[in-house]
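Chemist: model this:
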Amino acid sequence: ENMGELWGKCDEFIIISKCIYGEFSIFVKRLIDRSLPLCYPFFCKREGKMHHELRYNNQPQITVYFYSDDMTQAEQIVAKERVLVTGINFGSSKEKVTFLSSASELIVSSEL
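Modeler: Residues are numbered from 1 along each chain as shown. Take a look at the predicted model:
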């Protein structure tokens, strides 16, 4: 209900998702799709393509952690492209992608 307000104030937006054929999991993809109201319903050109006009002036970094125990190099390329497009859609200042073999790897590394 207050996602827009939080987005308008955050410095970094972190996404953790299983990588499925180079894409976000269906649950994460649904959240991203439902977040489009964070943008205006009007369109503009950014980086040579049509995108929604941004509603907020801040440009948080988008950090994505993809995990999968059998991710291919091709899937990693597709995943990086997907994160870049998501960043453009939401007006991020920078996109960062990290690939892990399992979600528990993220938990272990955060404790260090």
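
Chemist: mind checking the SS state of residue 63?
Modeler: What DSSP: H, G, I helix; E, B strand; the rest coil gives for residue 63 is strand.

Chemist: what about residue 70, distance to residue 20?
Modeler: Applying C-beta to C-beta, to the nearest Å, the value for residue 70 to residue 20 is 11 Å. C-betas here are computed from N, CA, C, even on glycine.

Chemist: before we move on, what about residue 44?
Modeler: Distance from residue 44 to residue 20, counting by C-beta to C-beta: 31 Å.

Chemist: which of residue 70 and residue 20 has more neighbours?
Modeler: Between residue 70 and residue 20, counted using other C-beta atoms under 10 Å, residue 20 has the larger neighbour count: 16 against 7.

Chemist: in CSV, list the C-alpha atoms belonging to the lengthiest helix in the chain.
Modeler: Longest helix of the chain, by residue count under DSSP state H: helix 73-90. C-alpha atoms of helix 73-90 as CSV (Å, rounded to 0.1, in the frame of the first residue of the first chain):
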residue,chain,number,x,y,z
GLN,A,73,26.3,-18.9,-18.9
ALA,A,74,23.5,-18.1,-21.4
GLU,A,75,21.0,-17.8,-18.5
GLN,A,76,23.4,-15.4,-16.7
ILE,A,77,23.6,-13.2,-19.8
VAL,A,78,19.8,-13.1,-20.1
ALA,A,79,19.4,-12.4,-16.4
LYS,A,80,21.9,-9.5,-16.6
GLU,A,81,19.9,-8.0,-19.5
ARG,A,82,16.6,-8.5,-17.6
VAL,A,83,18.0,-6.6,-14.6
LEU,A,84,19.3,-3.8,-16.9
VAL,A,85,15.8,-3.4,-18.4
THR,A,86,14.2,-3.4,-15.0
GLY,A,87,16.6,-0.7,-13.9
ILE,A,88,15.8,1.4,-16.9
ASN,A,89,12.0,0.9,-16.2
PHE,A,90,12.4,2.1,-12.6
